[in-house]
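Novice: quick one, fold the following:
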Amino acid sequence: MSSKDATGSPPRTALDRRTVLTALAAAGCTAALAPVAAHAAEPSGPSVKRQMRGVWIASVVNIDWPSRTGLDPAAQRAEFVGLADDALALGFNALFVQIRPTADAFWPSPLEPWSEWLTGTQGQDPGYDPLAFMIETAHQRGLAFHAWFNPYRVSMQADPSRLDPRHPARTNPKWTRSYGGKLYYDPGVPAARRFCQEAMLDAVRRYDIDGVHFDDYFYPYPTPGSDFPDEETFRVHGAGYADKAAWRRANVDLMVREMRDAVRAIRPNALFGISPFGVWRNATTDPRGSRTAAFQSYDGLHADTRGWVERGWLDYIAPQVYWHIGLPVADYAVLAPWWAEVVRDTDTELWIGQAVYKSGAAGQPAPWQDGKELTRHLTLNATLPEIGGDLFFSAKDVRADRVGDFAAMRLAHWREPVLGPLPARLDKRPHLPRPVVRVRREPSTGTAVLHISAGAPGSRHGPFRYAVHRFPTDPGPRPHAGHATLVAVVPGGARTTYHDDGAPAGCWYAVAAVDRIQRQSGLSRPSR
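Specialist: Here you go, the predicted structure:
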């Protein structure tokens, strides 16, 4: 997602790219489905069984996908398959894909036009259903698919006449405001808020998504010397509020709470979460704030991010802590512990948004140039048990990995396989049959080849993933699925094959089925 620096300025976005394999080879490793070799230069901290390892795939202005407008459907599909394959190979377990970047759609929406970032022309049918294709592609690889929506942004330019003639922003001009060179729906207009909710919920109803994701854009980032032009809206709808700022926060609160309720009613197992700007308030403004001197989302965007956690409105929060350790105005080493304290003793998961786009980018300060900043971040995270994983912005910068920062982090912190996160409200006993496993050894290499089947008679699709456990000796008829024995988490299906290269002679295997929610079955009967 396109975020801001600590002062509210737009970020730099690097344009040069290298392939994943080139980047990893330069760092002394290769992408593989097997767990990363354990020879990291820095310790990875205590082992964890579950962790979010997510990557953002941005579509606005063709940041990540499609790489440009006008690609034919086959080329678009091939690009996305490449992104999904790379994500799986690099150890990610979730994709956060932008499907409504500017009040438009990456699916055949009855409410909003096709996105211009597909064909170059807003409203032009791309010739297939991108959202259906992307979800299927992700799920075939055991990757969770989180649908990323921008609630109120209408256009990256300010002229309504340049929108598709059928665009709701043109047919309902009283809903929109031009500000800072862009066009927005006014969050204070109840009809506009309800429309935006219905436009997003259309995808939630019709597609088998794993989550609904908002980023940091609610009220727009302020333009110096200019206020968002909603004085008339406040006059009409702001009765009972002490000031416009409190009313604006109430409008954003309504969007968040009502979307949470609607998502859970429509798709109870889907997660709802937000990735806000990394600073709620500074301690100099509010003693509950962080020891920072940065832009404040509570005041500047009217987003009470801390309040949403305290009220239990989110399954997760993923603050964009896009700054290096030691930055005086917004120190990562200050903000990560502050957010850990915010979620402590709540049911809200905490994942940290990581700025891989800054690694090695021109103009970034020295900490982003040595190829070790992301490793330092995750080393700190490992001391904070409330942090349950990370999201990386964005896919093209993970691929570029200009100074090997992501590769070094991966070697240091992702060498062990993990299951995906399992929020407390969904941690219920799954109805999953135990898989069936047959093991054979390749005589020439000693590689253990596991043939895994779903275990359910007549199963066509099978579980979402398989968790493969390896034991040095016979674990008995009812082995325990501890993290120490987990050697791989692989895509599921009715039948799958896993190669355990270099497996010790005489070891035993047992496999658990994993559903889309990340709940496990019991282990299969051990085999060797």
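Novice: quick check: closest non-adjacent residue to Thr69.
Specialist: Gly120 (3.5 Å; C-beta to C-beta, 6 or more residues apart in numbering). All C-beta atoms are positioned from the backbone trio N, CA, C, and that covers glycine.
Novice: wait, that neighbour touches Asn62, no?
Specialist: No - assessed by C-beta atoms under 8 Å, Gly120 is found out of contact with Asn62, at 9.6 Å.
Novice: what touches both of those two?
Specialist: Thr69 (C-beta atoms under 8 Å, 6 or more residues apart in numbering).
Novice: give me the more crowded residue out of the two.
Specialist: Asn62 (18 against 12; other C-beta atoms under 10 Å).
Novice: how does the chain divide up, domain by domain?
Specialist: Listed domain ranges for the chain are 20-422, 436-514 (source: automatic domain parsing).
Novice: so for the first one, mean pLDDT?
Specialist: Averaging pLDDT along domain 20-422 gives 93.
Novice: what about Ala74, how many neighbours?
Specialist: Ala74, neighbours per other C-beta under 10 Å, totals 10.
Novice: please save the CA atoms from the helix or strand hosting it in CSV.
Specialist: Using DSSP states H and E, Ala74 sits in helix 73-89. Extracted in CSV, the C-alpha atoms of helix 73-89 (Å, rounded to 0.1, in the frame of the first residue of the first chain):
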residue,chain,number,x,y,z
PRO,A,73,-6.0,-11.8,-20.2
ALA,A,74,-3.4,-14.5,-20.7
ALA,A,75,-0.6,-12.1,-19.9
GLN,A,76,-2.4,-10.8,-16.8
ARG,A,77,-3.0,-14.3,-15.5
ALA,A,78,0.6,-15.4,-16.2
GLU,A,79,1.9,-12.4,-14.2
PHE,A,80,-0.3,-13.2,-11.2
VAL,A,81,0.6,-16.9,-11.3
GLY,A,82,4.3,-15.8,-11.2
LEU,A,83,3.6,-13.6,-8.1
ALA,A,84,1.8,-16.4,-6.4
ASP,A,85,4.5,-18.9,-7.2
ASP,A,86,7.2,-16.5,-5.9
ALA,A,87,5.2,-15.8,-2.7
LEU,A,88,4.9,-19.5,-2.0
ALA,A,89,8.6,-20.2,-2.8
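Novice: residues contacting that helix, please?
Specialist: Outside helix 73-89, the residues that reach it (C-beta under 8 Å, 6+ apart) are 20, 31-33, 55, 57, 64-67, 71, 95, 118, 126-128, 130, 133-134, 137-138, 141-143, 395, 398-399, 491.
Novice: show me just the buried residues among the residues you listed.
Specialist: Taking 16 or more other C-beta atoms under 10 Å as the criterion, what is buried in these is 20, 31, 33, 55, 57, 64-66, 71, 95, 118, 126, 130, 133-134, 137-138, 141-143, 395, 398-399, 491.
Novice: ok, which stretches of the stretch 151-300 of the chain are helices?
Specialist: 168-171, 190-206, 231-237, 244-266, 297-300 (DSSP state H, counting those that start in this stretch).
Novice: mind putting these into CSV with mean neighbour count and distance to Asp405?
Specialist: Output for those, formatted as CSV (neighbours: other C-beta atoms under 10 Å; distance: least, C-beta to C-beta, whole Å):
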stretch, mean neighbour count, distance to Asp405
helix 168-171, 17, 40
helix 190-206, 18, 34
helix 231-237, 14, 44
helix 244-266, 18, 33
helix 297-300, 20, 26
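Novice: include distance to Gly455 when you put the ones you listed into CSV, please.
Specialist: Formatted as CSV, the helices of the stretch 151-300 of the chain follow (distance: least, C-beta to C-beta, whole Å):
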stretch, distance to Gly455
helix 168-171, 48
helix 190-206, 31
helix 231-237, 56
helix 244-266, 31
helix 297-300, 47
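Novice: quick one: closest of those helices to His499.
Specialist: Nearest to His499 among the helices of the stretch 151-300 of the chain is helix 190-206 (37.1 Å), distances taken as C-beta to C-beta.
Novice: orientation of that closest one relative to helix 244-266 in degrees?
Specialist: Orientation note: helix 190-206 sits at an angle of 30 degrees relative to helix 244-266 (axes from the mean of the first three to the mean of the last three C-alpha atoms, to 10 degrees).
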